[in-house]
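Asks: Next come a sequence and a model predicted from it.
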Amino acid sequence: MNMKERLLKALKGEEVDKVPVCTVTQSAIVELMDQTGAAWPEAHSDAQKMADLAIASYEVCGLEGVRAPYCLTVLAEAMGCEVNMGTKNRQPSVTDHPYPKGVDNLAMPENLLTVGRIPVVMEAMKLIRDKVGDEVPIIAGMEGPVTLASDLASVKKFMKWSIKKPEDFQTILDFACDACIEYANALFDAGVDVISVPDPVSSPDLMAPDTFDKMLKPCLQKFADGVKGPMILHVCGDVTPILEMMADCHFESISIEEKVKDLKGAKAKVGDKVTICGNVSSPFVLLAGDEAAVKAAATKALEDGIDVLAPGCGIAPDTPVANLKAMVEARDEYYA
Ligand SMILES: [Zn+2]
């Protein structure tokens, strides 16, 4: 069983020889930027640098997959958001929004796939494939439709519309969903094996579980149904109140943080519907902990039945290489 077969089977809940270990959320770190010469912010806009930095996590840390890009702004930018490209250890962020006033003038860019950094991402996926061959999975990351819609409107307006203007809220969700479907299918055409979709604005920290159930879940279902390959839904925070709804979004798998305290309970609750990726704490263990702490958290996740061992959320760029290596070693030792 090669790495790609193992990951694809594990995501579907099929039997594997060992649980795969990789990152499904942001994975670039400064140590590897220094080693490769491919650093942020350039690696967000330069296909070769984007590819080199992603491949380093696989080659140097031993992670069983290559993941790129490193932000949740590629599609948002192509759709008209202004983006600050950040620094060597700070991710790009959306700084201005095209539709804060309402949904009357929503306009899909003509030839969306040629706009902004989208061609760069597509090129990077091809460069990665040429370098790593067919047996290593490529995981593309992209913002989910809820987060994209909130970027288009601004989070403040988006949340306000969810309560006071449900029709506008639905309209901008549909608009974002259409763009996500087109972009995701193009990523599969470019050769990626899996798409990981962080949708942080769906978190119970921001949106009520009832809104998730009635409005966000149908949007995420429509997105998943419109895309031709396997996808992972990542929602930040303690998603315990929406676990069953997430499992019902038609994604192959869900990615959760350590803030979901009871992984075993989560598996028992949704394990027959969806697989689970995670949940080694990115800030408290991978960034702030030592190798022993990483191994302890990784072993606990394996014991509790995680399907794909991975950081719980995007890792901080200052995370040490040694800690990512320790996560891989923990998995190897678990099966030794
Ligand atoms: Zn997260």
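Replies: Perfect, I can see it now.
Asks: for the ion, what are the nearby residues on the chain?
Replies: Within reach of the ion by CB under 5 Å from the ion, the chain has these residues: 236, 313. C-beta coordinates here come from the backbone N, C-alpha and C atoms, glycine included.
Asks: Please repeat the previous calculation with a cut-off of 6 Å.
Replies: 198, 200, 234, 236, 257, 313 (CB under 6 Å from the ion).
Asks: Could you verify my assumption that residue 315 touches residue 29?
Replies: Yes - at 6.6 Å, residue 315 counts as touching residue 29 under the criterion of CB atoms under 8 Å.
Asks: that older thread, neighbour-wise, which one of the residues of the chain next to the ion leads?
Replies: Counting neighbours by other CB atoms under 10 Å, residue 234 comes out on top of the residues of the chain next to the ion with 29 neighbours.
Asks: Look up how far residue 185 lies from that one.
Replies: Relative to residue 185, residue 234 is positioned 19 Å away (criterion: CB to CB, to the nearest Å).
Asks: Also residue 34?
Replies: According to CB to CB, residue 34 stands 36 Å off from residue 185.
Asks: quick one, which of those two is more surrounded?
Replies: Under the criterion of other CB under 10 Å, the comparison of residue 34 against residue 185 puts residue 185 first, with 16 against 11.
Asks: Looks to me like the more buried one is in a helix.
Replies: Yes - per DSSP: H, G, I helix; E, B strand; the rest coil, residue 185 lies within a helix segment.
Asks: what does the average pLDDT come to for the helix or strand residue 174 falls within?
Replies: Using DSSP states H and E, residue 174 sits within helix 166-189. For helix 166-189, the mean pLDDT works out to 98.
Asks: Work out the gap between it and the centre of the chain.
Replies: Relative to the chain's own centre, helix 166-189 is displaced by 16 Å; criterion: CA atoms, centre = their mean, to the nearest Å.
Asks: Next secondary structure after that helix?
Replies: strand 194-198.
Asks: Now tabulate the residues of the chain next to the ion in CSV and tack on pLDDT and secondary structure.
Replies: Output for the residues of the chain next to the ion, formatted as CSV (pLDDT from 0 to 100; DSSP: H, G, I helix; E, B strand; the rest coil):
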residue, pLDDT, secondary structure
198, 98, strand
200, 97, helix
234, 98, strand
236, 97, coil
257, 97, coil
313, 98, coil
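Asks: and of these, the nearest to residue 15?
Replies: residue 234 (24.4 Å; CB to CB).
Asks: Just to check, that closest one is in contact with residue 260?
Replies: No - applying CB under 8 Å as the test, residue 234 and residue 260 come out as separate, 11.9 Å apart.
Asks: Backbone torsions only: list them for the residue of the stretch 101-250 of the chain found nearest the ion.
Replies: Closest to the ion within the stretch 101-250 of the chain is residue 236: 3.1 Å, counting by CB to the ion. Torsion angles at residue 236 (phi, psi; degrees, to the nearest 10) stand at phi -80, psi 160.
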